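# Sequence and computational prediction follow.
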Amino acid sequence: MTWMHRAACADRPSLAWLDDSTQVPAVVVDEMRLVCASCPVHVQCSRFVDEQDITGGFWAGLDRSKDSAIELGGAA
């Protein structure tokens, strides 16, 4: 995916993008929310996640875990 290298999260690999949402401190969730909100490829990311049926990690401003109630940036 050529758009992935432009993702705001690409510059923030130390954040808990793929961790279990129940194990992520609220301050980290807030930071990921801010990163996603300013991402220049948010639409492409959201489309990719939907097309690939990804069910884990934080993608396009949302926690994609099936059991998650955490939303990072509103509706994708």
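Received it, and whenever you're ready, just let me know what you need. Numbering: from 1, shown residues only.

# So which residues make contact with stretch 46-57?
For stretch 46-57, contacts defined as CB atoms under 8 Å, 6 or more residues apart in numbering pick out 1, 17, 18, 19, 59, 60, 61, 63, 64, 65, 66, 76. All C-beta atoms are positioned from the backbone trio N, CA, C, and that covers glycine.

# which parts of it are buried?
46, 48, 49, 57 (16 or more other CB atoms under 10 Å).

# Okay, and which of the residues you listed map to strands?
Within those, no residue falls in strands by DSSP state E.

# Which of these sits closest to residue 6?
Using CB to CB, residue 48 is the member of those that lies nearest residue 6, at 12.8 Å.

# on that earlier part again, just put the buried residues of stretch 46-57 in CSV and tack on distance to residue 13 and pLDDT.
Below are those laid out as CSV (distance: CB to CB, whole Å; pLDDT from 0 to 100):
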residue, distance to residue 13, pLDDT
46, 20, 94
48, 18, 96
49, 18, 94
57, 13, 90
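
# sorry, back to before: pLDDT check: weakest of the contacts of stretch 46-57?
The lowest pLDDT within the contacts of stretch 46-57 belongs to residue 76, with 38.

# residue boundaries of the helices in this protein?
Using DSSP state H, the helices of the chain run over 26-37, 42-52.

# and residue 38, what does it touch?
Contacts of residue 38 by CB under 8 Å, 6+ apart are residue 8.

# So which helix or strand of the protein has the lowest pLDDT on average?
strand 62-63 (a mean of 88; mean pLDDT, DSSP states H and E).

# Report the distance from it to the chain centre.
5 Å (CA atoms, centre = their mean, to the nearest Å).

# Stretch 3-22 now?
For stretch 3-22, the distance to the chain centre is 7 Å (CA atoms, centre = their mean).

# Residues contacting that stretch, please?
With CB under 8 Å, 6+ apart, stretch 3-22 has contacts from 23-24, 28-29, 31-32, 35-36, 38-41, 44-45, 56-58, 63, 65, 68, 70.

# Can you mark which positions in that stretch are buried?
7, 8, 9, 15, 16, 17, 21.

# before we move on, what about stretch 28-46?
28-29, 31-33, 35-36, 39, 41-42, 44-46.

# Nice, that's everything, thank you.
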